[in-house]
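*Asks:* What follows is a predicted protein model with its sequence.
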Amino acid sequence: DAGVIQSPRHEVTEMGQEVTLRCKPISGHNSLFWYRQTMMRGLELLIYFNNNVPIDDSGMPEDRFSAKMPNASFSTLKIQPSEPRDSAVYFCASRSIGTSDTQYFGPGTRLTVL
Amino acid sequence: AQTVTQSQPEMSVQEAETVTLSCTYDTSENNYYLFWYKQPPSRQMILVIRQEAYKQQNATENRFSVNFQKAAKSFSLKISDSQLGDTAMYFCAFMKQRNSGNTPLVFGKGTRLSVIA
């Protein structure tokens, strides 16, 4: 199993630009989570999906953030327009409903907004 | 809402010694899971150990064990025979148990552990 795949691993962009982060969950997993990690706030949930349906997006900081899961094997997190305070590590994690209580994390995307 | 508190921002331990990392949580839930994740400098989040709240027996994984005190809402991690590779950030995490679907993790702020040769 390849594990959770995230791309890109690193992203450097300028303020105002659109940023798209991508995630491929583990095959067979039907829950997907997006977390953000910063020094100030630690690890916090942004949004999560069960069976491709967004369940809780209350952690999405602003309308500039949006997430989609068009099918069971792909999700995107988009920031438009990006701001320097969005600089963080963004993690995607997946889990299988009912068969495991463990979330498996991707390697993360380190985003730097200049 | 659930909260997880790790009161030790940093700790250090000599190689081969034992160290205990503290974690307390607050919840009104009766059914839940608790986890310890390790994050080395590579930033990969690695599951160390998990505990189901309904189990009284403390979980153990090789050199890692927990002391789960449900009434006190305490979930500490003990690392025995510490190794240099244990140097990392350690996060305590809480997850509600729901039969209807998955729920997210709530993390503590983390404890930075340094193992000294």
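*Replies:* Thanks, I have the structure now.
*Asks:* Please point out which parts of stretch B:70-81 sit buried.
*Replies:* Buried residues in stretch B:70-81, defined by neighbour count with 16 or more other Cβ atoms under 10 Å in any protein chain shown: B:73, B:75-79. Glycine gets a C-beta too; all of them are placed from N, C-alpha and C.
*Asks:* Please identify which pair of those lies farthest apart.
*Replies:* Distance extremes for these: the farthest pair is B:K73 and B:I79 at 21.4 Å, using Cβ to Cβ.
*Asks:* returning to what we had before: okay, the buried residues of stretch B:70-81 in JSON lines with secondary structure, distance to chain A and pLDDT next?
*Replies:* Putting these into JSON lines (DSSP: H, G, I helix; E, B strand; the rest coil; distance: Cβ to the nearest Cβ, whole Å; pLDDT from 0 to 100) gives the following:
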{"residue": "B:K73", "secondary structure": "coil", "distance to chain A": "19", "pLDDT": "96"}
{"residue": "B:F75", "secondary structure": "strand", "distance to chain A": "15", "pLDDT": "97"}
{"residue": "B:S76", "secondary structure": "strand", "distance to chain A": "19", "pLDDT": "98"}
{"residue": "B:L77", "secondary structure": "strand", "distance to chain A": "16", "pLDDT": "98"}
{"residue": "B:K78", "secondary structure": "strand", "distance to chain A": "20", "pLDDT": "98"}
{"residue": "B:I79", "secondary structure": "strand", "distance to chain A": "20", "pLDDT": "98"}
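*Asks:* Turn the residues you listed into a markdown table, columns for distance to A:S96.
*Replies:* Shown next, in a markdown table, are the buried residues of stretch B:70-81 (distance: Cβ to Cβ, whole Å):
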| residue | distance to A:S96 |
| --- | --- |
| B:K73 | 28 |
| B:F75 | 24 |
| B:S76 | 29 |
| B:L77 | 25 |
| B:K78 | 29 |
| B:I79 | 29 |
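*Asks:* host element of the residue nearest the centre of chain A?
*Replies:* Central residue of chain A (Cα atoms, centre = their mean): A:W34, 3.3 Å from the mean position. Applying DSSP states H and E as the criterion places A:W34 in strand A:31-38.
*Asks:* Show the average pLDDT along that strand.
*Replies:* Mean pLDDT, computed over strand A:31-38, is 96.
*Asks:* which outside residues touch the following helix or strand past it?
*Replies:* Downstream of strand A:31-38, the first helix or strand assigned by DSSP H and E is strand A:42-50. Applying Cβ atoms under 8 Å, 6 or more residues apart in numbering or on different chains, the contact partners of strand A:42-50 are A:30-37, A:54-57, A:59-61, A:65, A:67, A:69, A:75, A:77, A:90-91, A:97, B:91, B:101-102, B:104-110.
*Asks:* ok, now with 6 Å
*Replies:* With contacts defined as Cβ atoms under 6 Å, 6 or more residues apart in numbering or on different chains, strand A:42-50 is touched by A:31-37, A:55-57, A:59-60, A:67, A:69, B:101-102, B:104, B:107, B:109.
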